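>>> Need coordinates for the following:
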Amino acid sequence: MVDTKTPGDKTLSMPSKTLTLKPRVETGTVRQSFSHGRSKQVVVEKRGKRRLPGEAAAPAEAPASEPAAKAAPAKPAPGGRPAAPAAPRSGSGVVLRTLTEDERSARASALADAKVREEEERRIAEEEAKRRASREGIEQAEREAAEARRKAEEERHRVEEEAKRKAEQEAKRRFGEAEAAAAKPAAPAAPAAAKPATTRAPASVKAPGIAVEAEEDEGPRQVRRGPGGAMRPAAAPKTTHKPGPQKQRGRLTITTALNADDVRERSIASFRRRTQRLKGHAANEQKEKLIREVTIPEAITIQELANRMSERAVDVIRLLMKQGAMYKITDVIDADTAQLIAEEMGHTVKRVAASDVEEGLFDVVDDSTDTEPRSPVVTVMGHVDHGKTSLLDALRQANVVSGEAGGITQHIGAYQVTSPESGKKITFIDTPGHAAFTAMRARGAKVTDIVILVVAADDGVMPQTVEAINHAKAAKVPMIVAINKIDKPDARPERVRTELLQHEVQVESLGGDVVDVEVSAKNKTNLDRLLEMIALQADILELKTNSHRPAEGTVIEAKLDRGRGPVATVLVQRGTLRIGDIIVAGAEMGRVRALLSDQGENLEEAGPSVPVEVLGFNGPPEAGDRLAVVENEARARQITSYRAHQKRENAAASVSGMRGSLEQMMSQLKTAGRKEFPLIVKADVQGSLEAILGSLEKLGTEEVAARILHAGVGGISESDVTLAEGFNAAIIGFSVRANKEAAAAAKRNGIEIRYYNIIYDLVDDIKKAMSGLLAPTLRETMLGNAQILEIFNISKVGKVAGCRVTDGTVERGANVRLIRDNVVVHEGKLSTLKRFKDEVKEVQAGQECGMAFENYGDMRAGDVIECYRVETIQRSL
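Residues are numbered from 1 along each chain as shown. Next up is the predicted model:
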């Protein structure tokens with residue numbers, strides 16, 4: 001309730017009006033149009049403006065409030081504060097109560113918030129108006145363009161209609177003149193009927209029985225018959241063009257029929273399509289060229305090069321055509337050409353090689369100072385049958401010699417021996433002494449720290465001893481001479497020392513720096529001294545390495561085991577090899593599944609200088625390949641694929657028929673007619689296979705050579721027999737056997753399989769077989785000479801020469817030469833040899849005889865007949 005006071009100080013009570021901030025709202029409806037002729041009714045609200053307390057109210061309330069404001073002036077309040085102005089009186093004389101401070105502050109804050117919102121709404125409305133104005137401007141421009149196109153179309157139609165109308169009028173005019181000329185004698189009383197109208201206003205001329213009408217037409221009037229048969233001119237036809245608004249074109253639908261009067265505006269979808277077209281035109285404009293760094297390998301296709309440059313392949317081919325080269329998109333170009341193209345197009349080039357995948361794989365500098373001593377690697381080398389394996393057996397307290405075929409070592413082996421005095425381990429590598437195993441000895445010398453040269457005291461320095469000395473010098477490793485077999489009666493160690501001087505090996509006893517030890521493997525003499533010298537030499541070398549890094553090593557030997565798969569004997573040189581490591585060796589990769597020591601024990605890891613058998617390769621690696629541990633399988637596959645590709649390229653380059661230098665082409669022409677001996681070789685380990693292939697290659701000559709169809713490690717399989725059958729080849733098995741199915745297939749197809757355990761026998765048999773392919777040598781043996789004394793003609797026989805044997809003998813059926821004036825005029829055989837009337841086998845010197853040649857009769861007196869025998873001699877390699 002609001003308290004009010006009247007002039008008579010009477011208190012009244014009246015209902016109060018609730019205070020509210022709701023603005024005045026006026027509502028209405030507007031019809032809104034959409035695309036495709038759609039529309040709907042929309043409710044529109046119009047909000048009134050809010051007013052502050054000091055502002056005047058509606059104009060209607062101002063006069064009523066003025067007397068009350070004048071009748072109640074403001075008085076000061078009791079505290080010195082000026083009193084609030086008195087509330088204005090209403091029209092009925094009622095005075096309203098003034099607002100309190102809290103109410104005024106609340107109302108002022110509400111009004112301030114409302115003002116802020118109003119400003120925000122005004123700003124949003126202005127932005128919307130700007131956007132609407134921009135959109136309406138675009139739509140107006142489009143409407144004007146459409147209207148211009150429509151007007152141009154209407155003008156074109158009007159011109160066409162006008163031309164058509166004029167053509168029709170011209171045709172009718174000509175036709176009317178013809179009719180008027182025919183009707184002129186029949187109607188002489190109507191001369192004015194044929195007179196054309198000269199004014200644009202219509203006129204009519206009346207005559208008895210004739211009606212003439214003139215219209216707005218420049219052409220002649222037609223004549224038609226009126227009532228009573230009289231002739232009268234006919235009116236010209238009206239034109240089809242009607243003034244007024246044009247008829248709306250397009251398909252008639254319900255929507256267009258209902259909204260025919262509405263102004264059709266541009267739809268939102270149409271506006272969006274136009275915006276997209278504009279964006280598309282902008283995208284087709286020339287973009288800023290991006291400069292890229294293009295990685296170019298040794299060979300790359302044009303398509304791949306274009307993709308790396310983000311250019312079109314057509315542009316690359318066009319650039320090549322300008323340089324005079326025709327290429328397809330799939331052609332391969334070299335790195336130099338690709339670099340020229342990339343630089344011509346403004347890109348930078350980064351050249352890479354396929355071999356870059358091997359960077360950082362080996363010989364990485366180890367900056368770690370955490371190094372520790374490692375065991376020395378000692379390689380035992382020497383001539384065959386000088387006691388190398390027996391010496392190692394004595395050191396290891398084993399008996400390897402008893403298991404060797406023929407009593408000779410044909411495999412490389414790696415063992416570890418613990419020194420009884422120092423307790424340190426020493427790694428020994430045993431190499432074969434046969435001449436065929438040169439590559440094995442070279443591998444042993446490469447991975448070793450110390451070389452022990454074993455020389456038999458009773459045999460002295462032999463060819464393989466000299467070869468071992470050369471390997472040790474090439475590897476630049478220290479050498480210890482072990483003079484073995486000093487227990488034999490004919491042992492002469494001094495002779496060995498003297499012979500070594502011829503090869504620049506001077507032992508300590510002769511004032512040199514090479515340690516020599518006299519040992520006996522049979523009696524185990526001075527073995528401790530030999531181990532002591534090895535330990536002393538290792539201390540001098542100060543062998544240290546870091547065992548906490550990824551492993552690196554060398555494949556000493558590799559084989560294909562039927563039960564375990566590919567097995568490689570590896571000497572770890574740096575780091576530690578563990579089970580589960582991903583390893584790469586040559587063109588083969590794998591994951592370590594098991595590690596076996598030389599004693600057959602399973603190991604979890606193998607440190608530096610430890611020889612182990614590694615299981616887990618995908619295939620047997622080549623002996624001598626370097627082994628490394630990589631971080632993941634992707635890197636391993638990348639490396640092995642590159643190496644396999646290189647291996648295939650090298651094999652293809654070595655195939656006969658490849659183009660090379662002029663000397664190589666001449667040598668190929670010489671060997672084009674060479675006979676080949678096809679072979680399939682299977683061995684137990686890679687080292688033995690390598691030695692066999694090297695020996696067979698040395699057997700070849702210019703006339704005959706061994707052709708190796710296939711060489712591998714493992715047993716003989718059915719596929720080997722099938723291959724041998726296709727080429728009619730022999731199969732050689734060294735320390736391996738054929739399985740049951742392969743043996744049955746070989747027997748069924750008549751394929752010969754030969755087994756060997758000793759390389760001597762294998763090489764000798766192949767040498768004999770290849771010797772059978774050599775062409776035999778023909779040798780002439782002179783028998784005697786005879787001189788023709790007289791020529792006789794005998795019926796049914798022909799000419800017979802009467803001769804006297806001057807020296808030697810003449811035999812029937814022997815080869816003869818007819819010599820006339822020291823020139824050979826005929827070579828052939830004797831068909832008849834007679835003495836008197838009897839056929840004889842031979843005629844001695846000084847006797848006369850009759851001779852006749854086979855298929856030849858031009859003989860003269862005084863000619864000399866030379867008789868000889870041809871002998872065939874079989875050759876051998």
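>>> I'd like to know how far residue 138 sits from residue 145.
Noted for residue 138: a distance of 11 Å to residue 145, by Cβ to Cβ, to the nearest Å. Quick note: C-beta positions are derived from backbone N, CA and C, even for glycine.
>>> neighbour count winner among those two?
residue 138 (14 against 10; other Cβ atoms under 10 Å).
>>> ok, now which ones touch the residue nearest to residue 618 when sequence neighbours are not counted?
Distances taken as Cβ to Cβ, 6 or more residues apart in numbering place residue 590 nearest to residue 618, at 5.1 Å, with adjacent residues excluded. Residues counted as contacts of residue 590 (Cβ atoms under 8 Å, 6 or more residues apart in numbering) are 566, 582-583, 616-618.
>>> Could you look up the SS state of residue 590?
What DSSP: H, G, I helix; E, B strand; the rest coil gives for residue 590 is strand.
>>> neighbouring contacts of the longest strand along the chain?
Longest strand in the chain, counting residues (DSSP state E): strand 777-794. Strand 777-794 is contacted by residues 799-811, 814, 843, 845, 848-851, 859-875 when judged by Cβ under 8 Å, 6+ apart.
>>> Just the buried ones among the contacts of residue 590, please.
For the contacts of residue 590, a burial check counting by 16 or more other Cβ atoms under 10 Å picks out 566, 582-583, 616-617.
>>> Show me the residues you listed that map onto helices.
Under the assignment DSSP state H, the buried ones among the contacts of residue 590 contribute nothing to helices.
>>> and these as TSV, adding distance to residue 309 and pLDDT?
Putting the buried ones among the contacts of residue 590 into TSV (distance: Cβ to Cβ, whole Å; pLDDT from 0 to 100) gives the following:
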residue	distance to residue 309	pLDDT
566	44	90
582	35	93
583	38	93
616	43	92
617	41	92
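>>> Return the closest of the residues you listed with respect to residue 289.
residue 582 (43.5 Å; Cβ to Cβ).
>>> That closest one contacts residue 591, doesn't it?
Yes - counting by Cβ atoms under 8 Å, residue 591 is a contact partner of residue 582 at 5.5 Å.
>>> just to revisit the earlier point, in the sheet, which residues pair with the residue nearest to residue 618? Tell me.
residue 583, residue 617 (DSSP bridges).
>>> Report the set of residues contacting both of residue 582 and residue 591.
By Cβ under 8 Å, 6+ apart, residue 582 and residue 591 have no common neighbours.
>>> In the longest strand of the chain, which residues are buried?
Here strand 777-794 shows 783-786, 788 as buried, counting by 16+ other Cβ under 10 Å.
>>> Tell me where the stretch 351-500 of the chain has strands.
Ranges of strands within the stretch 351-500 of the chain are 372-373, 377-382, 413-418, 425-430, 450-456, 479-484, based on DSSP state E, counting those that start in this stretch.
>>> Least confident of the ones you listed, on average?
When the strands of the stretch 351-500 of the chain are ranked by mean pLDDT, strand 413-418 comes last with a mean of 79.
>>> who does that one touch, helix- and strand-wise?
Packing contacts for strand 413-418, counted by 3 or more Cβ pairs under 8 Å, 6 or more residues apart in numbering; DSSP states H and E, involve helix 388-396, strand 425-430, strand 565-574, strand 611-617.
>>> Can you mark which positions in it are buried?
413-417.
>>> need the contact list for residue 611.
Contacts for residue 611 (Cβ under 8 Å, 6+ apart) come out as 414-416, 427, 429, 556, 569-572, 597-598.
>>> Over to residue 135?
residue 271.
>>> ok, it to residue 352 distance?
In terms of Cβ to Cβ, residue 135 sits 56 Å off from residue 352.
>>> same check, this time on residue 523
63 Å.
>>> do residue 122 as well
In terms of Cβ to Cβ, residue 122 sits 65 Å off from residue 352.
>>> now, among the buried residues of strand 413-418, which is nearest to residue 41?
Among the buried residues of strand 413-418, and counting by Cβ to Cβ, the member closest to residue 41 is residue 414, at 100.1 Å.
>>> So what's the residue count around the nearest residue to residue 847 once chain neighbours are set aside?
Leaving aside its sequence neighbours, residue 847 sits nearest to residue 805 (Cβ to Cβ, 6+ apart; 5.7 Å). Using other Cβ under 10 Å, residue 805 has 23 other residues around it.
>>> so the helix or strand encompassing residue 805 versus strand 777-794, what angle?
Per DSSP states H and E: residue 805 is located in strand 798-808. Per axes from the mean of the first three to the mean of the last three Cα atoms, to 10 degrees, the angle that strand 798-808 makes with strand 777-794 is 130 degrees.
>>> average pLDDT for strand 798-808?
Taken as a whole, strand 798-808 carries a mean pLDDT of 89.
>>> what packs against the helix or strand following it?
The first helix or strand that comes after strand 798-808 along the chain, using DSSP H and E, is strand 810-811. For strand 810-811, the helices and strands in contact under the criterion 3+ Cβ pairs under 8 Å, 6+ apart are strand 777-794, strand 823-835, strand 842-843, strand 864-873.
>>> contacts for the helix or strand that contains residue 319?
Element membership of residue 319 [criterion: DSSP H and E] is helix 313-322. Residues outside helix 313-322 that contact it (Cβ under 8 Å, 6+ apart): 302-303, 305-306, 309, 326-329, 337, 341, 344-345.
>>> Could you tell me which of those belong to strands?
Short answer: these have none in strands (DSSP E).
>>> Make a PyMOL selection of whichever of those turn out to be buried.
A single PyMOL command suffices to select whichever of the contacts of helix 313-322 are buried according to 16+ other Cβ under 10 Å:
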select buried, resi 302+305+306+309+327+337+341+345
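>>> which one of the contacts of helix 313-322 sits closest to residue 165?
For the contacts of helix 313-322, the minimum distance to residue 165 (Cβ to Cβ) is 62.8 Å, reached by residue 329.
>>> isn't the closest one right up against residue 303?
Yes - counting by Cβ under 8 Å, residue 303 is a contact partner of residue 329 at 5.1 Å.
>>> ranges for the strands of the stretch 1-150 of the chain?
Applying DSSP E, counting those that start in this stretch to the stretch 1-150 of the chain gives strands spanning 2-5, 11-14, 25-33, 39-47.
>>> what angle separates the last one from strand 25-33?
Orientation of strand 39-47 against strand 25-33 (the same axes, to 10 degrees) gives an angle of 160 degrees.
>>> circling back: out of the contacts of helix 313-322, what pair is the most spread apart?
Pairwise over the contacts of helix 313-322, using Cβ to Cβ, the maximum falls at 309 and 326, 20.5 Å.
>>> measure residue 598 to residue 396 for me?
Counting by Cβ to Cβ, the gap from residue 598 to residue 396 is 9 Å.
>>> what is in contact with those two at once?
Counting by Cβ under 8 Å, 6+ apart, the residues touching both residue 598 and residue 396 are residue 415.
>>> Low-confidence bits of the stretch 501-650 of the chain, can you list those?
Applying pLDDT under 70 to the stretch 501-650 of the chain flags no residue at all.
>>> need the strands for it, in chain order.
Using DSSP E, counting those that start in this stretch, strands in the stretch 501-650 of the chain cover 515-518, 544-545, 552-561, 565-574, 577-578, 582-585, 588-596, 602-603, 605-606, 611-617, 626-630.
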